[in-house]
Structure formats: structure tokens, C-alpha cells
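K.L.:
Turn this into a structure:
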Amino acid sequence: MRTLRTARSARTVRPARLLAVTGAALTALVLTACDNGMGTRDEGSAERSTSTSRSTGSSASADGTSGSTTGGSTSTGGGGSTTGGSTADKASSKGGTTDPSAPENRVTCNGSNTTVTAQPVSRPLNHLLITVKNTGAKYCDLYYNPTVRFGEAQSAPRVFEESQPQAVVTLAPGESGYAGVLLAAADGSGGEGTTEKKVVIHFQGAEAGSDAGSPASPALPAKGVYVDNSVAVTYWQSTMEDALQY
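P.N.:
Residues are numbered from 1 along each chain as shown. So this is what the prediction gives:
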């Protein structure tokens, strides 16, 4: 009886050992199949990784290349340029930049928004230079020519019509405009003249012959200036050279 039990026990152990070996072999095969060189991984993670990779690839394909994506950033920069333009417009509306063409930024020059001087010059002979400087905060326009009155004269001097500029002289704040006055003929052909110690400068508006407002009374030299019947004045000019060539 003891011999029979021993034999049965041996048969029972062998199948158990066989199952253990078989189970170990199967486990090794499963691990080998799952291992792709990066260690054991979760199948769900693998699928998510593949999905992410495909999504990234699709995005790059839509732009062409990764460089195209950078190009998209350049396009955004263009939008920045547009924004910059809006910023400039805002600065303009706040007074950062004054638009001289806007009616609200322009006035007519006269004695209230300018300083006026009248000085004899050595060349050419018998000439007076009138200088008008814009002292206001806005652009001002010098229309036509100054209307000049020496002493108690009732009439204004004639105008050098050939001196008319192509456009109205406009002065920005701080800028100056000019007009020249021929006081007397150098050869004495102007007849008998007088010495004048007072002059009044009147300004014209946009309509010829109109009054632009306050006149100016610049000081003349203490000895006065000699004026005869040849007296004549130029249109307003943007340079003193142009004002003194007539």
C-alpha cells in the first residue's frame, strides 16, 4: 500500500511541475511579444501616442512644413503692422502729429499770430525785407501780398505781379515767410520822395483784397527809409532770396 501511494504522489507532482514550467514559458513569450526595445508599455498609452503623432503630422501637412508654421507667425507680424498704423492714427488724433491739410489746424496769418520785422538790406539797393514768423500753435497761410502803408499814405504800393508764387505760402509754427519792398529807384527815376519812419503791414484773406485781421506795425530804423514813386512790393515768398530778387 505504501508503494502505491508513493507512485500516485509522484504522478501528481510531475503534472504540477510541468504546468509551472509551461506557465513560465508562456509568460516569457508574452513579455517578449510586448517588448519592442522600449520596455513593457501599456497598450492604451501606445494608442494615445500614435493618435498624438498622427495629429501633429496632420497639422504640419496643413501648413506644408514646420517652416510654414513660422510663416504663419510672419503673417501675424503683418497684422502688427496694421495695428501700428492704428497707433499712429491715435497719436495723430491726440495731437502727436498735426495734419496741415485739416481745416481745424490752419488759420490765416495776421498780426495777432505772427511777429513782423521790416529791415533795409544792403543788396539790392533801396530794398526793404519784411519777415513774418508764425508764433501760433497752428499752420498759417500768407495770401497774396502784404498791403503796405508808409507814413500817412492813402494808397498801397503797386505789386510785382511776376513775383506771384505757384502756391500759397504756408508757415508751420516757428517758420517764416518773406516779402520784398522796392523803396526807391536807384537811378532817381522815381521822382521826389520822402523819408518815412512808420509802416503798417496789412494781411489779406483767402479772397483777394479781403482783410485777414490784425495788422502789424514793425519798427523802422530811427532815421527812417526813403520812399519815392517807384515803391513796389512782392507777393509773399517762402525764402528771402525770392523776396529780394525784384
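K.L.:
drop to CA atoms for contacts and neighbour counts, all remaining ones
P.N.:
OK.
K.L.:
give the contact list for the residue nearest to residue 124 when sequence neighbours are not counted.
P.N.:
Of all residues not flanking residue 124 in the chain, residue 244 sits nearest, at 7.1 Å (Cα to Cα, 6 or more residues apart in numbering). Contact analysis of residue 244 by Cα atoms under 8 Å, 6 or more residues apart in numbering lists 124, 127, 129, 179-181.
K.L.:
So for residue 244, what pLDDT did the model give?
P.N.:
Note on residue 244: pLDDT of 97.
K.L.:
Same check on residue 73?
P.N.:
Here the pLDDT value assigned to residue 73 is 37.
K.L.:
next one: the one 4 residues further on
P.N.:
On the pLDDT scale, residue 77 is placed at 35.
K.L.:
can you give me the helices in this protein?
P.N.:
2-34, 43-63, 66-93, 240-243 (DSSP state H).
K.L.:
tell me, which of the ones you listed is the model least confident about?
P.N.:
helix 66-93 - the lowest mean pLDDT of these, at a mean of 36.
K.L.:
tell me the domain ranges of this protein?
P.N.:
2-93, 104-243 (automatic domain parsing).
K.L.:
now for the lengthiest strand in the chain, which elements pack on it?
P.N.:
Longest strand in the chain by number of residues (criterion: DSSP state E): strand 139-150. The helices and strands touching strand 139-150, judged by 3 or more Cα pairs under 8 Å, 6 or more residues apart in numbering; DSSP states H and E, are strand 106-108, strand 169-171, strand 176-182, strand 199-204, strand 232-233.
K.L.:
Would you reformat those strands as a markdown table and include distance to residue 188 and mean neighbour count?
P.N.:
Converted to a markdown table, the helices and strands packed on strand 139-150 look like this (distance: least, Cα to Cα, whole Å; neighbours: other Cα atoms under 10 Å):
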| stretch | distance to residue 188 | mean neighbour count |
| --- | --- | --- |
| strand 106-108 | 38 | 19 |
| strand 169-171 | 33 | 22 |
| strand 176-182 | 13 | 25 |
| strand 199-204 | 22 | 20 |
| strand 232-233 | 15 | 24 |
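K.L.:
Quick one: closest of those to residue 219.
P.N.:
For these, proximity to residue 219 was assessed by Cα to Cα; strand 199-204 is nearest, at 7.5 Å.
K.L.:
what does that closest one contact?
P.N.:
Contacts of strand 199-204 (Cα under 8 Å, 6+ apart): 109-111, 142-151, 210-220.
K.L.:
what's the angle between that strand and strand 139-150?
P.N.:
Counting by axes from the mean of the first three to the mean of the last three Cα atoms, to 10 degrees, strand 199-204 lies at 140 degrees to strand 139-150.
K.L.:
Out of the contacts of residue 244, which two sit at the greatest distance?
P.N.:
It's 124 and 179 that sit farthest apart of those, by Cα to Cα, at 13.7 Å.
K.L.:
Next up, the contacts around residue 195.
P.N.:
Here residue 195 is in contact with 224-227 (criterion: Cα under 8 Å, 6+ apart).
K.L.:
Could the C-alpha coordinates of stretch 228-246 be exported in CSV?
P.N.:
This file holds the C-alpha atoms of stretch 228-246, laid out as CSV (Å, rounded to 0.1, in the frame of the first residue of the first chain):
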residue,chain,number,x,y,z
ASP,A,228,9.6,157.5,-53.9
ASN,A,229,7.0,156.9,-56.5
SER,A,230,8.8,153.7,-57.6
VAL,A,231,7.8,151.9,-54.4
ALA,A,232,6.5,148.3,-55.1
VAL,A,233,6.0,145.1,-53.1
THR,A,234,6.3,141.4,-53.9
TYR,A,235,3.9,138.6,-53.2
TRP,A,236,4.7,136.6,-50.1
GLN,A,237,7.6,134.2,-50.6
SER,A,238,9.0,131.2,-48.8
THR,A,239,12.6,132.4,-49.0
MET,A,240,14.2,135.8,-48.6
GLU,A,241,16.2,135.3,-51.7
ASP,A,242,13.0,135.1,-53.7
ALA,A,243,11.6,138.1,-52.0
LEU,A,244,14.6,140.3,-52.8
GLN,A,245,15.1,139.5,-56.5
TYR,A,246,12.7,142.1,-57.8
